[in-house]
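J.: dropping a prediction and its sequence here:
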Amino acid sequence: MPTIAKNLVAGTWEEGESALEVTNPADGRVVGQVAWGGPDTARRAADAAAGAFGDWSELPARRRADILLEASRLLAERAETIGATLAREAGKRLPEAVGEVAFSAEYFRWFAEQARRPHGEVIPHEAADRRHLTVRRPVGVVASLTPWNFPCSIQARKLAPALAAGCTVVARVSEKAPLAATELIRTLVDAGVPDGVVNLVHGPAREVTQALLDHQAVRAVSFTGSTQVGREIMASASRRIVRPLLELGGDAAFVVFDDADLDAAVEGAMLAKFRNTGQSCIAANRFLVHEDVHDEFVGRLAARVEAMTIGDGLADPLPDLGPVIDQSRVDAVNSLVDEAISLGAKRVTQERDLPTAGTFVAPTLLTDVPTTAGLATEEVFGPAAAVFRFRDDDDAVTRANRTEMGLAAYVWSADVSRCWRTAERLEAGIVGVNNALPSVAFAPMGGVKQSGLGREGAALGLEEFEDVRYLALGL
């Protein structure tokens, strides 16, 4: 019997008026269903969140922290089971899927601890009969809107701080990978989150989002997705002055200087580019390599890419690369590669046979890509990349910053001073310095320029869901 991802409204799991099939991108088999709700479900969920807000926001921080710690424990305990579900619905390699669920548990643990740390400030007074201080209060009901590429960890990165702050939430997850995220929210229910504090709505993204943004109780919207959709959400949120927290598209440069440890740089490139089959907002999008080591780096990286095995992320032996999420992603990545080649780019990895079933894309590396090609200017979101040469430090930084996006960047060099100077000049919210996996629960994540507003994770992530109240006391 297929798993059914149901809606959760006021503590009750509901089926929708219809159901959509959820398929495994590795072979097209149906692995579950999602109960399809809509604007009415979203409005009822927001009503429930509004009704639960008073009691949850007034609950002592210690009690909220205890519930979040229990949710963290349950997620860690269920990581293997939920991870297997995630691998089936999203095509992830099983270790990556299980790791994502375990990482999600870390967000609930960290923000449980953060909820109990001091909030507010006592401001030195200037008159004997007055005192001044600030306190922080939860902003209200939060709409949490997340994509399919990391459906558990991205939702956890929003839910954990919102709940720790004392907010209530209506979540919407992508219908392309709804099953594991629904199970993540089930752990919150099992951990003791009261009815109505967390609600889940499946349904058409645009209609559900608009219903939530129009609801009088919704005070903040946290969205991860494309820059274009983020702009639309921000415009819609402005009509009611709903606070936007946006983590949007990326175009990460991966800069390799001539003094870099090339073995480490190639290893980092494989992680930064091909983790989750390249479907990551912070994935390396453009490799910028010093001209003196360009050819050697390309040769080493191409050999690693050509040695990659491709297949079902649940197979034994485990493949190096799984499928992309659906056929539209296959078409988008292949289109970027074909366009670059038509404009004169050189493919340095061989074409290969792919599994006959499923939505697979051959891992591809190209050089001599014109700067006007889409592969040089657009977020690829798949296992293809271009390598470009640069002359010196200034040229590297100029090329890296030649994009509207500014979510992540990577720097590889043995010179600490060069690393520091370059990281300061890169226009990116996250910089991995000799580090291909910079994301952690206790550090802030977010972009600059067209890659978003606000920060998730760390103490800043909690502040996004709080209002500052200033109290002036006469004695």
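T.: Yep, it's here.
J.: stretch 102-118 - what's its average pLDDT?
T.: For stretch 102-118, mean pLDDT rounds to 94.
J.: please spell out which residues along that stretch are buried.
T.: Of all the residues in stretch 102-118, those buried under the rule 16 or more other CB atoms under 10 Å are 102-112, 114-115. (Glycine included, C-beta is placed from N, CA and C.)
J.: dump that stretch to CSV, keeping only the CA atoms.
T.: Taking Å, rounded to 0.1, in the frame of the first residue of the first chain, the C-alpha atoms of stretch 102-118 are listed here in CSV:
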residue,chain,number,x,y,z
ALA,A,102,20.2,13.2,10.7
PHE,A,103,21.2,16.8,9.8
SER,A,104,17.6,17.9,10.3
ALA,A,105,17.7,16.5,13.8
GLU,A,106,20.6,18.8,14.5
TYR,A,107,18.5,21.9,13.8
PHE,A,108,15.9,20.9,16.4
ARG,A,109,18.6,20.2,18.9
TRP,A,110,20.5,23.4,18.3
PHE,A,111,17.5,25.6,18.4
ALA,A,112,16.2,23.9,21.5
GLU,A,113,19.3,25.0,23.2
GLN,A,114,19.1,28.4,21.7
ALA,A,115,15.5,28.9,22.9
ARG,A,116,16.8,29.0,26.5
ARG,A,117,19.6,31.5,26.0
PRO,A,118,19.1,35.1,27.1
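J.: list of residues touching that stretch?
T.: 61-62, 64-66, 68-69, 71-73, 75-76, 79, 83, 152-153, 155-157, 159-161, 163-165, 184, 439-442, 457, 459, 461-462 (CB atoms under 8 Å, 6 or more residues apart in numbering).
J.: please apply the same query to stretch 125-135.
T.: In contact with stretch 125-135 (CB under 8 Å, 6+ apart) are residues 119-124, 468-475.
J.: tell me how far that stretch is from the chain's mean position?
T.: For stretch 125-135, the separation from the chain centroid amounts to 42 Å (computed by CA atoms, centre = their mean, to the nearest Å).
J.: mind checking the end-to-end distance for it?
T.: Using CA to CA, to the nearest Å, the end-to-end distance of stretch 125-135 comes to 16 Å.
J.: so Asn285: helix, strand or coil?
T.: Under DSSP: H, G, I helix; E, B strand; the rest coil, the three-state class of Asn285 is strand.
J.: that one against Ala272, yeah?
T.: No. Look at Asn285 against Ala272 with CB atoms under 8 Å: they stay out of range, at 9.4 Å.
J.: find residues that contact each of the two.
T.: Common contacts of Asn285 and Ala272 (CB under 8 Å, 6+ apart): Ala252, Phe254.
J.: the more surrounded of these two?
T.: Set side by side, Asn285 and Ala272 show more neighbours around Asn285, with 30 against 27, by other CB atoms under 10 Å.
J.: wait, what's in contact with Val255?
T.: By CB under 8 Å, 6+ apart, the neighbours of Val255 are Leu288, Val289, Phe390, Ala396, Ala400, Ala409, Tyr410, Val411, Trp412, Thr422.
J.: from the contacts of stretch 125-135, which land in helices?
T.: Within those, no residue falls in helices by DSSP state H.
J.: report the buried members of those residues.
T.: Counted by 16+ other CB under 10 Å, the contacts of stretch 125-135 give His119 as buried.
J.: which of the contacts of stretch 125-135 lies closest to Glu207?
T.: Glu207 has its nearest neighbour among these in Val468, at 33.6 Å by CB to CB.
J.: the closest one and His119: what is the separation?
T.: From Val468 across to His119, the span is 9 Å (CB to CB, to the nearest Å).
J.: quick check: neighbours shared by those two?
T.: Common neighbours of Val468 and His119, counting by CB under 8 Å, 6+ apart, are Val135, Arg136.
J.: report the central residue of this structure.
T.: Taking CA atoms, centre = their mean, the centroid of the chain lies closest to Ile154, which sits 4.6 Å from it.
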